[in-house]
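Asks: Need a 3D model of the sequence below.
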Amino acid sequence: MVVGEFTEQADLVVIGGGPGGYSAAIRASQLGRSVTLVERGDIGGVCLNVGCIPSKALIELSNRFHELDGLAKRGVVTEDAHIDPIALSQTVTGSVERLTLGVRQLLKAADVEIVEGEASFVGPNEVRIRAAHETSRIKFKDCILATGSSPRELDGFAVDHQRVLDSTDLLFSPVVRRDLIVIGGGYIGIELGSAHARLGTKVTILEMAPEILMGVEPEIQRTLRGVLKQMGVEVHTGIAVKGFKVAGDAVVVEIQNGNDSEEIRAGSVAVMVGRVPNLGPDLGLGEAGVTIGADQRVIVDEQMRTANPHVFAIGDIVPGPMLAHKAYYEAKVAAEVAAGHAAGNDATVIPAVIFAEPEVASAGLGEQEARTRHGDNVVVARFPYRANGRAIVLGAAVGEVKLIALKDSKRLLGVHIVGADASNLISEAALAIELGATIDDLALTIHPHPTLSEMYPEAAEVAQGLPTHIIMQRG
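Replies: Numbers count the residues shown, from 1 in each chain. Next comes the predicted model:
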(Lines give C-alpha, C1' and ligand atoms only; values in the text may rest on other atoms or scores of the structure.)
Protein backbone atom coordinates (compact mmCIF):
# COMPACT_ATOMS: atom_id res chain seq x y z
CA MET A 1 0.00 0.00 0.00
CA VAL A 2 1.31 3.42 -0.94
CA VAL A 3 0.82 6.03 1.75
CA GLY A 4 1.51 9.73 1.86
CA GLU A 5 2.97 12.16 -0.63
CA PHE A 6 5.36 14.96 0.13
CA THR A 7 7.36 17.44 -1.92
CA GLU A 8 11.09 18.08 -1.68
CA GLN A 9 13.36 20.64 -3.28
CA ALA A 10 16.44 19.54 -5.21
CA ASP A 11 19.20 21.24 -7.14
CA LEU A 12 20.01 18.67 -9.83
CA VAL A 13 18.06 15.45 -10.31
CA VAL A 14 19.49 12.57 -12.35
CA ILE A 15 16.94 9.97 -13.45
CA GLY A 16 18.61 6.61 -14.06
CA GLY A 17 21.64 5.08 -12.36
CA GLY A 18 23.27 3.36 -15.33
CA PRO A 19 26.65 4.31 -16.86
CA GLY A 20 25.37 7.66 -18.08
CA GLY A 21 23.34 8.48 -15.00
CA TYR A 22 25.90 7.71 -12.31
CA SER A 23 28.70 9.36 -14.33
CA ALA A 24 26.61 12.52 -14.72
CA ALA A 25 25.82 12.52 -11.00
CA ILE A 26 29.48 12.20 -10.00
CA ARG A 27 30.73 14.83 -12.45
CA ALA A 28 27.98 17.32 -11.53
CA SER A 29 28.77 16.87 -7.84
CA GLN A 30 32.47 17.40 -8.51
CA LEU A 31 31.55 20.70 -10.20
CA GLY A 32 29.54 21.97 -7.25
CA ARG A 33 25.97 20.84 -7.90
CA SER A 34 23.93 19.13 -5.19
CA VAL A 35 22.78 15.91 -6.84
CA THR A 36 19.87 13.53 -6.26
CA LEU A 37 20.03 10.28 -8.24
CA VAL A 38 16.75 8.40 -8.80
CA GLU A 39 16.99 4.72 -9.77
CA ARG A 40 14.14 2.20 -9.93
CA GLY A 41 16.38 -0.86 -10.10
CA ASP A 42 20.02 -1.62 -9.39
CA ILE A 43 22.72 1.03 -9.44
CA GLY A 44 24.87 0.48 -12.52
CA GLY A 45 21.92 -0.13 -14.82
CA VAL A 46 21.72 -2.76 -17.52
CA CYS A 47 25.36 -2.49 -18.58
CA LEU A 48 26.87 -3.24 -15.21
CA ASN A 49 24.26 -5.65 -13.84
CA VAL A 50 22.98 -7.69 -16.80
CA GLY A 51 24.84 -6.42 -19.86
CA CYS A 52 28.38 -5.28 -20.65
CA ILE A 53 30.17 -6.54 -17.56
CA PRO A 54 28.62 -9.99 -16.98
CA SER A 55 28.56 -10.75 -20.70
CA LYS A 56 32.27 -9.96 -21.05
CA ALA A 57 33.02 -12.04 -17.96
CA LEU A 58 31.24 -15.02 -19.54
CA ILE A 59 32.87 -14.39 -22.92
CA GLU A 60 36.33 -14.24 -21.37
CA LEU A 61 35.80 -17.51 -19.49
CA SER A 62 34.44 -19.22 -22.59
CA ASN A 63 37.46 -18.00 -24.58
CA ARG A 64 39.86 -19.45 -22.02
CA PHE A 65 38.07 -22.78 -22.09
CA HIS A 66 37.98 -22.86 -25.89
CA GLU A 67 41.70 -22.06 -26.07
CA LEU A 68 42.53 -25.34 -24.33
CA ASP A 69 42.10 -27.26 -27.59
CA GLY A 70 44.52 -24.94 -29.34
CA LEU A 71 47.02 -25.21 -26.51
CA ALA A 72 46.99 -29.00 -26.72
CA LYS A 73 47.82 -28.79 -30.41
CA ARG A 74 50.72 -26.44 -29.62
CA GLY A 75 52.30 -28.67 -27.00
CA VAL A 76 50.51 -27.69 -23.78
CA VAL A 77 48.58 -30.80 -22.72
CA THR A 78 45.53 -30.23 -20.54
CA GLU A 79 43.68 -33.17 -19.08
CA ASP A 80 40.15 -33.44 -17.72
CA ALA A 81 39.25 -29.86 -18.58
CA HIS A 82 35.53 -29.31 -18.02
CA ILE A 83 32.98 -26.67 -17.10
CA ASP A 84 31.65 -26.29 -13.57
CA PRO A 85 28.41 -24.38 -14.30
CA ILE A 86 27.86 -23.24 -10.71
CA ALA A 87 31.39 -21.91 -10.29
CA LEU A 88 31.16 -20.28 -13.73
CA SER A 89 27.94 -18.51 -12.74
CA GLN A 90 29.45 -17.40 -9.43
CA THR A 91 32.43 -15.90 -11.23
CA VAL A 92 30.16 -13.88 -13.53
CA THR A 93 28.02 -12.75 -10.59
CA GLY A 94 31.12 -11.85 -8.58
CA SER A 95 32.33 -9.50 -11.31
CA VAL A 96 29.02 -7.65 -11.18
CA GLU A 97 28.89 -7.43 -7.39
CA ARG A 98 32.41 -6.04 -7.13
CA LEU A 99 31.78 -3.28 -9.65
CA THR A 100 28.31 -2.43 -8.31
CA LEU A 101 29.77 -1.94 -4.86
CA GLY A 102 32.48 0.24 -6.36
CA VAL A 103 29.96 2.50 -8.08
CA ARG A 104 27.96 2.93 -4.87
CA GLN A 105 31.16 3.89 -3.05
CA LEU A 106 31.97 6.46 -5.74
CA LEU A 107 28.49 7.97 -5.45
CA LYS A 108 28.76 8.08 -1.67
CA ALA A 109 32.17 9.74 -1.85
CA ALA A 110 30.68 12.36 -4.20
CA ASP A 111 27.85 13.06 -1.72
CA VAL A 112 25.22 12.00 -4.25
CA GLU A 113 21.86 11.24 -2.64
CA ILE A 114 20.34 8.02 -4.00
CA VAL A 115 16.55 7.74 -4.08
CA GLU A 116 14.99 4.38 -4.94
CA GLY A 117 11.84 4.53 -7.00
CA GLU A 118 10.38 5.20 -10.44
CA ALA A 119 10.33 8.79 -11.62
CA SER A 120 7.79 10.47 -13.87
CA PHE A 121 7.49 14.11 -14.81
CA VAL A 122 4.47 16.02 -13.52
CA GLY A 123 5.65 19.38 -14.80
CA PRO A 124 8.59 21.11 -16.48
CA ASN A 125 10.59 21.19 -13.22
CA GLU A 126 8.98 18.50 -11.06
CA VAL A 127 8.96 14.71 -10.87
CA ARG A 128 6.92 12.21 -8.91
CA ILE A 129 8.82 9.30 -7.35
CA ARG A 130 6.90 6.09 -6.79
CA ALA A 131 8.60 3.82 -4.29
CA ALA A 132 7.40 0.59 -2.68
CA HIS A 133 5.48 2.23 0.18
CA GLU A 134 5.28 5.92 -0.57
CA THR A 135 5.03 8.53 -3.27
CA SER A 136 6.97 11.77 -3.17
CA ARG A 137 7.59 14.75 -5.41
CA ILE A 138 10.83 16.55 -6.16
CA LYS A 139 11.04 20.05 -7.60
CA PHE A 140 14.36 20.56 -9.35
CA LYS A 141 16.39 23.34 -10.90
CA ASP A 142 17.88 21.02 -13.54
CA CYS A 143 17.42 17.38 -14.50
CA ILE A 144 19.52 14.89 -16.47
CA LEU A 145 17.46 12.10 -18.00
CA ALA A 146 19.35 8.80 -18.40
CA THR A 147 16.73 6.04 -18.41
CA GLY A 148 18.57 3.70 -20.79
CA SER A 149 17.01 0.96 -22.90
CA SER A 150 15.33 -2.44 -22.66
CA PRO A 151 15.36 -5.59 -24.81
CA ARG A 152 13.05 -5.41 -27.82
CA GLU A 153 10.22 -7.92 -27.61
CA LEU A 154 9.44 -10.36 -30.40
CA ASP A 155 5.81 -11.13 -31.13
CA GLY A 156 4.92 -14.71 -30.33
CA PHE A 157 8.02 -15.28 -28.19
CA ALA A 158 7.12 -14.16 -24.69
CA VAL A 159 10.10 -14.76 -22.41
CA ASP A 160 9.27 -17.33 -19.71
CA HIS A 161 12.91 -17.91 -18.59
CA GLN A 162 12.50 -21.66 -19.12
CA ARG A 163 11.98 -22.40 -22.81
CA VAL A 164 12.10 -18.83 -24.12
CA LEU A 165 15.10 -17.01 -22.67
CA ASP A 166 16.55 -13.52 -22.67
CA SER A 167 20.17 -12.41 -22.45
CA THR A 168 20.08 -12.39 -18.63
CA ASP A 169 19.17 -16.08 -18.61
CA LEU A 170 22.20 -16.86 -20.78
CA LEU A 171 24.47 -14.90 -18.45
CA PHE A 172 23.47 -16.15 -15.02
CA SER A 173 21.78 -19.53 -15.41
CA PRO A 174 24.25 -22.10 -13.99
CA VAL A 175 23.87 -24.67 -16.76
CA VAL A 176 25.64 -25.60 -19.99
CA ARG A 177 22.90 -26.30 -22.49
CA ARG A 178 22.99 -29.14 -24.98
CA ASP A 179 21.61 -26.96 -27.76
CA LEU A 180 20.25 -23.45 -28.17
CA ILE A 181 18.50 -21.37 -30.81
CA VAL A 182 19.42 -17.67 -30.81
CA ILE A 183 17.01 -15.32 -32.56
CA GLY A 184 19.01 -12.27 -33.58
CA GLY A 185 22.31 -12.02 -35.41
CA GLY A 186 23.26 -8.61 -34.06
CA TYR A 187 26.11 -8.03 -31.67
CA ILE A 188 24.30 -9.40 -28.60
CA GLY A 189 23.23 -12.59 -30.35
CA ILE A 190 26.68 -13.13 -31.86
CA GLU A 191 28.52 -12.43 -28.61
CA LEU A 192 26.43 -14.65 -26.35
CA GLY A 193 25.70 -17.27 -29.00
CA SER A 194 29.37 -17.79 -29.77
CA ALA A 195 30.26 -17.75 -26.04
CA HIS A 196 27.88 -20.62 -25.36
CA ALA A 197 29.17 -22.44 -28.43
CA ARG A 198 32.68 -22.25 -26.97
CA LEU A 199 31.31 -23.80 -23.77
CA GLY A 200 30.06 -26.78 -25.75
CA THR A 201 26.48 -25.84 -26.67
CA LYS A 202 25.22 -26.55 -30.20
CA VAL A 203 24.07 -23.08 -31.29
CA THR A 204 21.84 -22.05 -34.18
CA ILE A 205 21.54 -18.33 -34.99
CA LEU A 206 18.50 -16.99 -36.86
CA GLU A 207 18.67 -13.52 -38.43
CA MET A 208 15.98 -11.74 -40.48
CA ALA A 209 18.46 -9.42 -42.22
CA PRO A 210 20.47 -10.67 -45.22
CA GLU A 211 23.63 -10.90 -43.12
CA ILE A 212 24.74 -11.05 -39.50
CA LEU A 213 26.03 -7.86 -37.86
CA MET A 214 24.48 -5.53 -40.39
CA GLY A 215 26.49 -2.34 -40.64
CA VAL A 216 29.96 -3.82 -40.21
CA GLU A 217 32.33 -4.21 -43.15
CA PRO A 218 31.51 -7.14 -45.51
CA GLU A 219 34.98 -8.65 -45.01
CA ILE A 220 34.35 -8.77 -41.27
CA GLN A 221 31.00 -10.47 -41.79
CA ARG A 222 32.64 -13.11 -43.98
CA THR A 223 35.42 -13.71 -41.46
CA LEU A 224 32.98 -14.18 -38.60
CA ARG A 225 30.73 -16.46 -40.65
CA GLY A 226 33.76 -18.66 -41.35
CA VAL A 227 34.85 -18.79 -37.71
CA LEU A 228 31.29 -19.50 -36.51
CA LYS A 229 31.09 -22.36 -38.99
CA GLN A 230 34.36 -23.82 -37.67
CA MET A 231 32.92 -23.63 -34.17
CA GLY A 232 29.89 -25.62 -35.30
CA VAL A 233 27.47 -22.68 -35.11
CA GLU A 234 24.72 -22.88 -37.72
CA VAL A 235 23.68 -19.49 -39.11
CA HIS A 236 20.49 -18.77 -41.04
CA THR A 237 20.12 -15.26 -42.53
CA GLY A 238 17.39 -13.62 -44.58
CA ILE A 239 14.69 -15.66 -42.86
CA ALA A 240 11.43 -14.91 -41.05
CA VAL A 241 10.71 -16.49 -37.67
CA LYS A 242 7.05 -17.53 -37.71
CA GLY A 243 6.56 -18.98 -34.25
CA PHE A 244 7.37 -21.91 -31.99
CA LYS A 245 5.86 -24.87 -30.23
CA VAL A 246 6.96 -27.06 -27.36
CA ALA A 247 7.46 -30.72 -28.23
CA GLY A 248 8.39 -32.78 -25.20
CA ASP A 249 11.63 -31.41 -23.81
CA ALA A 250 12.36 -29.33 -26.92
CA VAL A 251 11.35 -26.06 -28.53
CA VAL A 252 10.55 -26.23 -32.24
CA VAL A 253 10.93 -22.90 -34.09
CA GLU A 254 9.34 -22.47 -37.51
CA ILE A 255 11.28 -20.32 -39.97
CA GLN A 256 10.49 -19.26 -43.51
CA ASN A 257 13.02 -18.52 -46.22
CA GLY A 258 11.14 -17.24 -49.24
CA ASN A 259 8.57 -19.90 -50.03
CA ASP A 260 10.37 -22.58 -48.06
CA SER A 261 9.47 -23.42 -44.47
CA GLU A 262 11.67 -25.28 -42.00
CA GLU A 263 11.51 -26.34 -38.38
CA ILE A 264 14.54 -26.08 -36.09
CA ARG A 265 14.63 -27.90 -32.78
CA ALA A 266 16.57 -27.17 -29.60
CA GLY A 267 16.19 -27.32 -25.84
CA SER A 268 15.54 -23.58 -25.59
CA VAL A 269 15.39 -20.40 -27.64
CA ALA A 270 16.93 -17.04 -26.70
CA VAL A 271 15.43 -13.82 -28.05
CA MET A 272 17.98 -11.05 -28.73
CA VAL A 273 16.57 -8.77 -31.41
CA GLY A 274 17.88 -5.41 -30.28
CA ARG A 275 16.94 -2.78 -27.74
CA VAL A 276 14.46 0.08 -27.46
CA PRO A 277 14.86 3.32 -25.46
CA ASN A 278 13.02 3.55 -22.13
CA LEU A 279 10.69 6.42 -23.02
CA GLY A 280 7.29 4.96 -22.18
CA PRO A 281 4.20 7.06 -21.44
CA ASP A 282 4.68 6.62 -17.68
CA LEU A 283 7.76 8.83 -17.89
CA GLY A 284 5.57 11.86 -18.64
CA LEU A 285 7.86 13.55 -21.14
CA GLY A 286 4.98 15.66 -22.43
CA GLU A 287 4.50 17.15 -18.98
CA ALA A 288 8.17 18.15 -18.98
CA GLY A 289 8.06 19.67 -22.47
CA VAL A 290 10.58 17.13 -23.77
CA THR A 291 10.26 16.28 -27.48
CA ILE A 292 10.78 12.89 -29.14
CA GLY A 293 11.96 12.67 -32.75
CA ALA A 294 10.91 10.41 -35.60
CA ASP A 295 13.57 7.90 -34.52
CA GLN A 296 11.82 7.56 -31.13
CA ARG A 297 14.75 9.21 -29.35
CA VAL A 298 14.77 12.43 -27.35
CA ILE A 299 15.77 15.45 -29.42
CA VAL A 300 18.83 17.20 -27.91
CA ASP A 301 21.27 19.88 -28.97
CA GLU A 302 25.08 19.63 -28.83
CA GLN A 303 24.95 20.46 -25.12
CA MET A 304 22.55 17.55 -24.53
CA ARG A 305 19.67 19.94 -23.72
CA THR A 306 16.15 18.91 -24.61
CA ALA A 307 13.36 21.28 -25.70
CA ASN A 308 13.10 22.08 -22.00
CA PRO A 309 16.34 24.03 -21.30
CA HIS A 310 16.45 22.70 -17.73
CA VAL A 311 16.20 19.02 -18.77
CA PHE A 312 19.12 17.21 -20.39
CA ALA A 313 19.04 13.73 -21.95
CA ILE A 314 21.90 11.28 -22.54
CA GLY A 315 22.71 7.69 -23.46
CA ASP A 316 20.46 5.19 -25.19
CA ILE A 317 17.46 7.56 -25.25
CA VAL A 318 19.15 10.09 -27.56
CA PRO A 319 20.33 9.61 -31.17
CA GLY A 320 23.43 7.55 -31.83
CA PRO A 321 24.61 4.04 -31.01
CA MET A 322 23.45 2.45 -27.76
CA LEU A 323 26.87 2.16 -26.16
CA ALA A 324 27.95 2.68 -22.57
CA HIS A 325 31.02 4.72 -23.50
CA LYS A 326 28.84 7.08 -25.54
CA ALA A 327 26.68 7.54 -22.44
CA TYR A 328 29.79 8.23 -20.30
CA TYR A 329 30.87 10.96 -22.69
CA GLU A 330 27.43 12.57 -23.00
CA ALA A 331 27.00 12.41 -19.21
CA LYS A 332 30.05 14.58 -18.66
CA VAL A 333 28.94 17.06 -21.32
CA ALA A 334 25.49 17.41 -19.73
CA ALA A 335 26.90 17.66 -16.20
CA GLU A 336 29.42 20.32 -17.18
CA VAL A 337 26.83 22.39 -19.02
CA ALA A 338 24.45 22.07 -16.07
CA ALA A 339 27.27 23.35 -13.84
CA GLY A 340 27.71 26.42 -16.02
CA HIS A 341 30.77 25.29 -17.95
CA ALA A 342 31.31 25.73 -21.68
CA ALA A 343 31.00 22.17 -23.00
CA GLY A 344 29.51 20.43 -26.00
CA ASN A 345 29.28 17.11 -27.79
CA ASP A 346 31.91 17.43 -30.52
CA ALA A 347 33.12 13.82 -30.76
CA THR A 348 34.35 12.99 -34.24
CA VAL A 349 34.10 9.23 -33.76
CA ILE A 350 32.49 6.78 -31.36
CA PRO A 351 34.40 3.50 -31.47
CA ALA A 352 32.38 0.29 -31.37
CA VAL A 353 33.42 -3.20 -30.29
CA ILE A 354 31.82 -6.61 -30.75
CA PHE A 355 33.26 -9.22 -28.41
CA ALA A 356 32.84 -12.05 -30.88
CA GLU A 357 35.42 -14.68 -31.81
CA PRO A 358 37.53 -13.06 -33.11
CA GLU A 359 36.82 -9.58 -31.77
CA VAL A 360 35.51 -6.82 -34.05
CA ALA A 361 36.17 -3.11 -33.58
CA SER A 362 35.63 -0.01 -35.67
CA ALA A 363 36.06 3.75 -35.56
CA GLY A 364 35.04 6.30 -38.16
CA LEU A 365 33.62 5.75 -41.62
CA GLY A 366 33.10 2.42 -43.34
CA GLU A 367 34.30 1.97 -46.91
CA GLN A 368 30.88 2.33 -48.52
CA GLU A 369 30.04 5.50 -46.59
CA ALA A 370 33.47 6.94 -47.33
CA ARG A 371 33.02 6.35 -51.07
CA THR A 372 29.50 7.79 -50.96
CA ARG A 373 30.84 10.97 -49.38
CA HIS A 374 34.16 11.30 -51.20
CA GLY A 375 33.80 9.32 -54.44
CA ASP A 376 37.11 8.20 -55.93
CA ASN A 377 39.11 10.26 -53.44
CA VAL A 378 39.37 7.25 -51.11
CA VAL A 379 42.19 4.81 -50.49
CA VAL A 380 41.67 1.50 -48.68
CA ALA A 381 44.50 -0.58 -47.25
CA ARG A 382 44.52 -3.90 -45.39
CA PHE A 383 47.09 -5.79 -43.38
CA PRO A 384 46.40 -9.39 -42.34
CA TYR A 385 46.98 -10.83 -38.88
CA ARG A 386 48.70 -13.82 -40.48
CA ALA A 387 51.63 -11.55 -41.45
CA ASN A 388 52.11 -10.22 -37.92
CA GLY A 389 54.67 -11.96 -35.71
CA ARG A 390 52.79 -11.42 -32.45
CA ALA A 391 49.55 -12.82 -33.94
CA ILE A 392 51.38 -15.94 -35.09
CA VAL A 393 52.91 -16.44 -31.64
CA LEU A 394 49.45 -16.05 -30.07
CA GLY A 395 47.95 -18.56 -32.47
CA ALA A 396 45.59 -15.81 -33.64
CA ALA A 397 46.33 -15.49 -37.33
CA VAL A 398 42.69 -14.90 -38.39
CA GLY A 399 41.75 -11.29 -39.10
CA GLU A 400 42.91 -8.02 -40.59
CA VAL A 401 43.33 -4.29 -39.98
CA LYS A 402 41.59 -2.12 -42.58
CA LEU A 403 42.40 1.57 -43.00
CA ILE A 404 40.26 4.03 -44.97
CA ALA A 405 41.67 7.44 -45.86
CA LEU A 406 41.37 10.32 -48.29
CA LYS A 407 43.56 9.82 -51.32
CA ASP A 408 44.69 13.44 -51.69
CA SER A 409 45.29 14.58 -48.12
CA LYS A 410 45.84 11.04 -46.75
CA ARG A 411 43.71 11.97 -43.71
CA LEU A 412 42.45 8.91 -41.88
CA LEU A 413 38.67 8.44 -42.14
CA GLY A 414 38.05 5.02 -40.61
CA VAL A 415 39.63 1.91 -39.15
CA HIS A 416 38.03 -1.54 -38.97
CA ILE A 417 39.62 -4.50 -37.23
CA VAL A 418 38.65 -8.12 -36.94
CA GLY A 419 41.04 -10.22 -34.91
CA ALA A 420 42.56 -10.82 -31.51
CA ASP A 421 42.51 -7.87 -29.08
CA ALA A 422 40.68 -5.62 -31.55
CA SER A 423 38.85 -4.10 -28.58
CA ASN A 424 42.08 -2.58 -27.28
CA LEU A 425 43.68 -1.82 -30.63
CA ILE A 426 40.79 0.42 -31.77
CA SER A 427 41.52 3.16 -29.22
CA GLU A 428 44.65 4.23 -31.12
CA ALA A 429 42.53 4.54 -34.25
CA ALA A 430 39.91 6.66 -32.48
CA LEU A 431 42.61 9.01 -31.18
CA ALA A 432 44.25 9.22 -34.61
CA ILE A 433 40.97 10.16 -36.31
CA GLU A 434 40.10 12.69 -33.58
CA LEU A 435 43.50 14.35 -34.07
CA GLY A 436 43.20 14.41 -37.86
CA ALA A 437 46.13 12.04 -38.37
CA THR A 438 47.20 10.89 -41.82
CA ILE A 439 48.39 7.62 -43.28
CA ASP A 440 51.91 9.05 -43.21
CA ASP A 441 51.56 9.81 -39.48
CA LEU A 442 50.74 6.16 -38.80
CA ALA A 443 53.55 4.89 -41.01
CA LEU A 444 56.11 7.15 -39.30
CA THR A 445 55.04 6.37 -35.73
CA ILE A 446 57.36 3.75 -34.26
CA HIS A 447 55.42 0.89 -32.68
CA PRO A 448 57.00 -1.69 -30.35
CA HIS A 449 57.90 -5.12 -31.73
CA PRO A 450 56.56 -7.74 -31.60
CA THR A 451 53.03 -6.43 -30.99
CA LEU A 452 49.66 -6.48 -32.70
CA SER A 453 49.76 -2.68 -32.84
CA GLU A 454 52.49 -2.89 -35.48
CA MET A 455 49.73 -3.65 -37.96
CA TYR A 456 48.84 0.07 -37.99
CA PRO A 457 52.08 1.26 -39.64
CA GLU A 458 52.15 -1.93 -41.73
CA ALA A 459 48.66 -1.15 -43.11
CA ALA A 460 49.69 2.48 -43.61
CA GLU A 461 52.66 1.29 -45.68
CA VAL A 462 50.24 -0.74 -47.80
CA ALA A 463 48.29 2.48 -48.42
CA GLN A 464 51.56 4.13 -49.48
CA GLY A 465 52.31 1.24 -51.81
CA LEU A 466 55.47 0.40 -49.84
CA PRO A 467 54.68 -2.61 -47.65
CA THR A 468 57.46 -4.40 -45.79
CA HIS A 469 55.93 -7.67 -44.64
CA ILE A 470 53.42 -8.59 -47.34
CA ILE A 471 53.80 -8.93 -51.10
CA MET A 472 51.63 -6.58 -53.14
CA GLN A 473 50.59 -7.42 -56.66
CA ARG A 474 51.95 -4.80 -59.07
CA GLY A 475 50.57 -3.58 -62.30
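Asks: C-alpha only now, for contacts and for neighbours.
Replies: Fine.
Asks: Relative to residue 472, how far out is residue 382?
Replies: Residue 382 sits 11 Å away from residue 472, going by C-alpha to C-alpha, to the nearest Å.
Asks: Then residue 159 would be within a strand, right?
Replies: No: membership of residue 159 in a strand is not supported by DSSP: H, G, I helix; E, B strand; the rest coil, which gives coil.
Asks: Start at 15, not 1
Replies: Fine by me, first position is 15 from now on; the one you just mentioned is residue 173.
Asks: Quick check: closest non-adjacent residue to it.
Replies: Of all residues not flanking residue 173 in the chain, residue 179 sits nearest, at 5.5 Å (C-alpha to C-alpha, 6 or more residues apart in numbering).
Asks: Residue 344 too?
Replies: residue 328 (5.7 Å).
Asks: Is that neighbour in contact with residue 34, as I believe?
Replies: Yes: with contact defined as C-alpha atoms under 8 Å, residue 328 reaches residue 34; the gap is 6.7 Å.
Asks: of the two, who's got more company?
Replies: residue 34 (33 against 29; other C-alpha atoms under 10 Å).
Asks: That one contacts residue 345, doesn't it?
Replies: Yes: under the criterion of C-alpha under 8 Å, residue 34 makes contact with residue 345 at 5.2 Å.
Asks: which residues touch the residue nearest to residue 173?
Replies: Contact partners of residue 179, counting by C-alpha atoms under 8 Å, 6 or more residues apart in numbering, are 173, 282-285.
Asks: partner residues bridging it?
Replies: Note on residue 179: beta-bridge partners residue 284, judged by DSSP bridges.
Asks: Now do the same for it: its pLDDT.
Replies: Note on residue 179: pLDDT of 95.
Asks: Ok, the one 3 residues further on next?
Replies: pLDDT for residue 182: 92.
Asks: what are the phi and psi angles of residue 222?
Replies: With angles defined as degrees, to the nearest 10, residue 222 sits at phi -70, psi -30.
Asks: Now do the same contact list for it.
Replies: With C-alpha under 8 Å, 6+ apart, residue 222 has these contacts: 198, 251-255.
Asks: Filter those down to just the ones in strands.
Replies: 251, 254-255 (DSSP state E).
Asks: Go through the residues you listed and say which is closest to residue 422.
Replies: Residue 422 has its nearest neighbour among these in residue 251, at 38.9 Å by C-alpha to C-alpha.
Asks: From residue 368, how far off is the closest one?
Replies: In terms of C-alpha to C-alpha, residue 251 sits 19 Å off from residue 368.
Asks: So between these two, which is more surrounded?
Replies: residue 368 (19 against 16).
Asks: Excluding sequence neighbours, find me the nearest residue to that one.
Replies: residue 374 is the one closest to residue 368 (C-alpha to C-alpha, 6+ apart), at 5.0 Å.
Asks: Helices along the stretch 265-414 of the chain, start to end?
Replies: 299-302, 338-352, 381-388, 403-408 (DSSP state H, counting those that start in this stretch).
Asks: Packed most tightly, which of those helices would that be?
Replies: Among the helices of the stretch 265-414 of the chain, helix 338-352 has the highest mean neighbour count (mean count of other C-alpha atoms under 10 Å), at a mean of 24.
Asks: in the helix or strand bottoming out on mean pLDDT in the chain, what's buried?
Replies: Lowest by mean pLDDT, DSSP states H and E among the helices and strands of the chain is helix 66-87, with a mean of 84. Within helix 66-87, the residues that count as buried by 16 or more other C-alpha atoms under 10 Å are 66-73, 75-77, 79-80, 82.
Asks: Now tabulate the residues you listed in JSON lines and tack on distance to residue 107.
Replies: Formatted as JSON lines, these follow (distance: C-alpha to C-alpha, whole Å):
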{"residue": "66", "distance to residue 107": "13"}
{"residue": "67", "distance to residue 107": "10"}
{"residue": "68", "distance to residue 107": "7"}
{"residue": "69", "distance to residue 107": "10"}
{"residue": "70", "distance to residue 107": "12"}
{"residue": "71", "distance to residue 107": "9"}
{"residue": "72", "distance to residue 107": "10"}
{"residue": "73", "distance to residue 107": "13"}
{"residue": "75", "distance to residue 107": "13"}
{"residue": "76", "distance to residue 107": "15"}
{"residue": "77", "distance to residue 107": "18"}
{"residue": "79", "distance to residue 107": "18"}
{"residue": "80", "distance to residue 107": "21"}
{"residue": "82", "distance to residue 107": "24"}
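Asks: Show me which of the residues you listed is closest to residue 472.
Replies: In terms of C-alpha to C-alpha, no member of the buried residues of helix 66-87 lies closer to residue 472 than residue 77, at 27.7 Å.
Asks: wait, isn't that closest one in contact with residue 209?
Replies: Yes: using C-alpha under 8 Å, residue 77 makes contact with residue 209 at a distance of 7.3 Å.
Asks: how about the nearest residue to residue 391 once chain neighbours are set aside, what does it touch?
Replies: Counting by C-alpha to C-alpha, 6+ apart, residue 421 is the residue found nearest to residue 391 once chain neighbours are left out, at 4.9 Å. Contacts for residue 421 (C-alpha under 8 Å, 6+ apart) come out as 391-393.
Asks: What subset of those residues is buried?
Replies: 392-393.
Asks: Turn the contacts of residue 421 into a markdown table, including pLDDT and distance to residue 335.
Replies: Below are those laid out as a markdown table (pLDDT from 0 to 100; distance: C-alpha to C-alpha, whole Å):
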| residue | pLDDT | distance to residue 335 |
| --- | --- | --- |
| 391 | 98 | 27 |
| 392 | 98 | 25 |
| 393 | 98 | 26 |
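Asks: just curious, which of the contacts of residue 421 is nearest to residue 214?
Replies: residue 393 (41.9 Å).
Asks: From residue 385, how far off is the closest one?
Replies: 9 Å.
Asks: can you check residue 26 too?
Replies: Taking C-alpha to C-alpha as the measure, residue 26 falls 45 Å from residue 385.
Asks: can you check residue 333 too?
Replies: Residue 333 is 24 Å from residue 385, by C-alpha to C-alpha.
Asks: Residue 479 now?
Replies: 20 Å.
Asks: do residue 314 as well
Replies: 29 Å.
Asks: how about the spatially most central residue of the chain, what does it touch?
Replies: Residue closest to the mean C-alpha point of the chain, counted by C-alpha atoms, centre = their mean, is residue 337 at 4.8 Å. Counting by C-alpha under 8 Å, 6+ apart, residue 337 touches 329-330, 366.
Asks: No further questions, thank you.
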